[in-house]
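Q: build the 3D model from these lines:
(one chain, ligands or ions: 1)
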Amino acid sequence: MKYRVAVVESGEAFLCAREEHLLQGMQSFRVGTPLLQAIPVGCRGGGCGVCRIRVLSGDYETRKMSRKHIAAEDQARGIVLACRVSPRSDLHIQVLSPPAPSCTLEGTQ
Ligand code: FES
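A: Numbering: from 1, shown residues only. Predicted structure coming up:
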């Protein structure tokens, strides 16, 4: 079963299976063109903290997360690492990490 994950800032949405984490769902979801990049992607294993999000609504399950990146109080408020979360219903999320730097002809921003 797949659930719809909507990113509030960008209006983007993707489908994510309950056995996937949100980054897997985002990266494997295509709508005819490029991979979605709404959530910054780093180590995919809970180690870098770049994929911090807040779940605004919906049910989800988390795997163990480093307290270095997610404090217990934050986790209680729905702040989690996307690479450690699997959906259990449709979700609305907010991306908390800054976007990854992009490259331009003049160099990296
Ligand atoms: S991608 Fe590194 S913690 Fe999620």
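Q: distance of the residue nearest in space to the middle of the chain from the ligand?
A: With distances taken as C-alpha atoms, centre = their mean, A82 lies nearest the centre of the chain, 3.6 Å away. Applying C-beta to the nearest ligand atom, to the nearest Å, the value for A82 to the ligand is 6 Å. Backbone N, C-alpha and C define where each C-beta goes, glycine included.
Q: that residue contacts G25, correct?
A: No - between A82 and G25 there is no contact under C-beta atoms under 8 Å: 9.1 Å.
Q: pLDDT wise, what is G78 at?
A: At G78, the pLDDT value in this model is 97.
Q: ok, and the closest non-adjacent residue to it?
A: Distances taken as C-beta to C-beta, 6 or more residues apart in numbering place V55 nearest to G78, at 4.3 Å, with adjacent residues excluded.
Q: and the one you found, how many neighbours?
A: Neighbour count of V55, defined by other C-beta atoms under 10 Å: 21.
Q: hang on, P40 packs against C83?
A: No - at 10.3 Å, P40 does not count as touching C83 under the criterion of C-beta under 8 Å.
Q: so what sits against both of the two?
A: C51 (C-beta atoms under 8 Å, 6 or more residues apart in numbering).
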